[in-house]
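In: Provided below for reference: sequence and predicted model.
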Amino acid sequence: MSGAPRPLVVVGAGGFARETVQLVRRHAAVGPAGESYAVAGFLDDDPRRRGTVVDGTPVLGPCEDALDHAERGAALLICVGNPGDPTSRRRLAERLGLPDAAYATVVHPLADVSPDSRLGAGTVLHAGVVLTAAVDVGRHVAVMPHVVLTHDDVVGDHATFAAGVRLAGGVVVEDAAYLGCGALVREGRRIGAGALVGMGSVVVHDVPPGEVWAGSPARRLRSAVPSSARASLLEDRP
Ligand SMILES: CC(C)(COP(=O)(O)OP(=O)(O)OC[C@H]1O[C@@H](n2cnc3c(N)ncnc32)[C@H](O)[C@@H]1OP(=O)(O)O)[C@@H](O)C(=O)NCCC(=O)NCCS
């Protein structure tokens, strides 16, 4: 795609947001169809970050300003998220209530996406990510470096994959689930909505929604979310 790069505003200014800004700044055309973006700045609700410069990129204002930036033609990316709050990206997307066209989709040039795989709006694939065949990835999904998603995997909106996660074939990862660094998931298993899988875990059973599982083989550690939030996640389960 030719023409001037579209301004990009990144919502959140934490670790994943900073990594994604570095990706976009270092590579010319990172959209799935070759779209190019120029980072305009971060938005962040932490008043201590307001008006500061993070890694050379300004924090322009609070997350609510995303609506104004979208109206002025900027593309957005929601890059909040951490293992302590697996559903934060989903809540922010709901709060902003913007259509898919408002969001960029970013694919590192060294990610390998099979032509029959699908990526939703607002999703980010970092370096070394591989989608082998017929992988269906939803909207606002964060995929950190060297994650491997294999044939027929289905990933719901707002899911997060920390570096080095590998899924066998036909795995389903539901909305806003979080898989910690290096987790492995056996073929055909389901990771429930808002569940959290600990780093280095080997998942051989389905993980129910809203639970934290860890270890090899992975076992239940605790609930990931308060019971009220868990009820709403269960209602939304596909
Ligand atoms: C699973 C996890 C969320 C648990 O955190 P927590 O609730 O604070 O749990 P604790 O650290 O108190 O550990 C509770 C128990 O689980 C064990 N445990 C914690 N994480 C584990 C893991 N990944 N694998 C195996 N056991 C684990 C602890 O050893 C401890 O066992 P013990 O009571 O016998 O000593 C956390 O360890 C984790 O893996 N987070 C993901 C980290 C990650 O990938 N970050 C990516 C950032 S980009």
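Out: Happy to help now that I have it. Residues are numbered from 1 along each chain as shown.
In: contacts, neighbours, all on C-alpha from now
Out: Noted.
In: Low-confidence ranges, the chain, go.
Out: Where the chain drops to pLDDT under 70, the residues are 1-2, 225-238.
In: residue ranges for the helices of it, please.
Out: With DSSP state H as the criterion, the chain has helices at 15-26, 66-71, 88-96, 227-235.
In: how about those in a markdown table, adding distance to the ligand?
Out: Below are these laid out as a markdown table (distance: least, CA to the nearest ligand atom, whole Å):
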| stretch | distance to the ligand |
| --- | --- |
| helix 15-26 | 7 |
| helix 66-71 | 24 |
| helix 88-96 | 14 |
| helix 227-235 | 16 |
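In: how far does stretch 59-77 sit from the chain's center?
Out: Stretch 59-77 sits 18 Å away from the centroid of its parent chain (CA atoms, centre = their mean, to the nearest Å).
In: which bits of the chain sit near the ligand?
Out: 83, 162, 180-181, 198-201, 214-215 (CA under 6 Å from any ligand atom).
In: mind listing which of those are in strands?
Out: Judged by DSSP state E, these include Ala214 as members of strands.
In: circling back: output the helices of the chain in CSV; the columns should cover mean neighbour count.
Out: Formatted as CSV, the helices of the chain follow (neighbours: other CA atoms under 10 Å):
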stretch, mean neighbour count
helix 15-26, 17
helix 66-71, 16
helix 88-96, 16
helix 227-235, 13
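In: would you list these in TSV and tack on distance to Gly34?
Out: Converted to TSV, these look like this (distance: least, CA to CA, whole Å):
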stretch	distance to Gly34
helix 15-26	12
helix 66-71	20
helix 88-96	25
helix 227-235	35
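In: if we can go back for a sec, which of the residues of the chain next to the ligand lies closest to Leu76?
Out: Leu76 lies nearest to Ala162 out of those, by CA to CA, at 21.3 Å.
In: Spatially central residue in this protein, please.
Out: The chain has Ala142 as the residue nearest its centroid, 1.9 Å off, counting by CA atoms, centre = their mean.
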